[in-house]
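[1] generate coordinates for the sequence data below:
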Amino acid sequence: MSDPLTNQNSAPPPMSGHPVELTLRLAGERLDKALCDAMPQLSRMQWQRLIQDGLVTMNGRSLTKPSLRVNGGERLVAILPELQPTDLLPEEIPLDVRYEDDDMIVINKPADMVVHPGTGHYSGTLANAVLHHCPDIEGVGGEMRPGIVHRLDKNTSGLIVIAKHDQALWHLQRQFKKRTVRKKYLALVEGQLQPPAALIDAAIGRDPTQRKKMAVIPPNSPHSPQARPAQTHYTTLANFEKFTYVECDLHTGRTHQIRVHLAYIGYPVVGDTIYGRRKRKFNLHRHFLHAAELTLKRPSDDVELTFSSELPSDLQAILDELQADKQ
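    Have a look, this model is predicted:
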C-alpha cells in the first residue's frame, strides 16, 4: 500500500491549543475514522473539522483530507483547541433519575425537553438541569453538552445516560461506538404493520432536497457516499384496527432513525408531523415514541445493567383507548 499521508504539502497554520500525539491502529481506513478510533472522545465530525482546519499533522505537515487512507502505525500530532467558556447555566428543573453512581446518571427524559442547548433552545434543556443536579459535571465533554453521551429527540421520551467525568464519558461513548449498548423503543405506527417482525436495513443520510430532514438514501444514489448504515429491528406487540404497537431495537444510532425507517416502509409513527401525517390524531402533541429500555456496562466495573421506563401517561392513555375500542 502506498503512503498517501506523506503526499500532503501544506504547512500547518499557526494555532493555539493543546497538542496530542496519536498512533493510528486501523489500516486501510479513512483518516477521520482512524483518528476517531485512536481518540473516541471526539466524534468523527469533530475530527473532520480539525483535519480540514489543518490541525492534524505528520512530520510537520498538515493532513487536510479526512478521506485519506491510512496504513496503520502512523504517528500524528493533533492540535486540540482550548475549550472556550460557555454560557450554560444550571437550572433547577426536576429530573426523574432512575439510577446514579459516581460515574453516571440514567434519567427518564420527558417529552418536550431538548437534550442540550442549540438554535432556539438556550435554556430549559436537560443539560441545564443536569448541571444543577451535579455541578461537578461542568466541562465534561466540553462545549454545551456536559456529560452527554447520546441524544433523544425533543419529543421522544425515555431513558438517557449522562457521564459524570471524562473517563466515564469515554467508556460509555466507546460502548455506543462498538454497538454493545442495547436500546429498545416503543412506538405506535399508522396502519397494520406487515410483516409483523422484520429488520429494516437501509442507510440514512441528510435529505438531499430538505436539509433539515433525514432520509433513506438508496445505494445507487449520488448521495450514497454521505449516508451511513442503519438497522432497526421491529416486533409487533399489539394490533389495532388502524394502528400497530411495536417494539424497536436499534442496531445503530442515526439521527431520527426509527422515525425515518418506519416512514420509509410505509408505517410512520403516530404524531410524527415531519416524517408522517401532518394531521394529528388523539390530540397528541408529539410523536408516539418512547425509549423504554437501555442496557450498558457500568464504567467502574463493566457490570452489565439494564434500565427500564414505563410508558408516560399521555401515551398509555392512547393505548388504553385503542384497547377499549377492540372490546
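
[2] got a list of contacts for whichever strand or helix holds Lys183?
    Lys183 belongs to strand 182-190 when assigned by DSSP states H and E. Residues outside strand 182-190 that contact it (Cβ atoms under 8 Å, 6 or more residues apart in numbering): 156, 158, 237, 242-250, 253, 258, 262, 267-270, 276-277, 288-296, 306, 311, 315, 318-319. Quick note: C-beta positions are derived from backbone N, CA and C, even for glycine.

[3] hmm, which of the residues you listed are the buried ones?
    156, 158, 243-250, 258, 262, 267-270, 276, 288-294, 296, 311, 315, 318-319 (16 or more other Cβ atoms under 10 Å).

[4] just the residues you listed: which are in helices?
    Those of the buried ones among the contacts of strand 182-190 mapping onto helices are 258, 262, 315, 318-319, per DSSP state H.

[5] tell me which of these is nearest to Pro229?
    Ile258 (15.1 Å; Cβ to Cβ).

[6] ok, now which ones touch that closest one?
    185, 187, 232, 248, 250, 269, 289.

[7] let's see it at 7 Å
    185, 187, 232, 248, 289 (Cβ atoms under 7 Å, 6 or more residues apart in numbering).

[8] what's the farthest-apart pair in these?
    Farthest pair in the contacts of Ile258, by Cβ to Cβ: Thr232 and Leu289, 11.9 Å.

[9] pull the residues that contact the helix or strand where Trp47 lies.
    Element membership of Trp47 [criterion: DSSP H and E] is helix 44-52. Applying Cβ under 7 Å, 6+ apart, the contact partners of helix 44-52 are 31-33, 35-36, 56, 63-64, 66, 78.

[10] contacts only, for Ile148.
    Contacts of Ile148 (Cβ under 7 Å, 6+ apart): 115-116, 127, 141, 162.

[11] show me where the stretch 1-150 of the chain has its helices.
    31-38, 44-52, 126-133 (DSSP state H, counting those that start in this stretch).

[12] for Arg25, which of these is the nearest?
    Comparing the helices of the stretch 1-150 of the chain against Arg25 with Cβ to Cβ, the closest turns out to be helix 31-38 (6.1 Å).

[13] where does the chain dip in pLDDT?
    1-17, 81-87, 119-120, 141-144 (pLDDT under 70).
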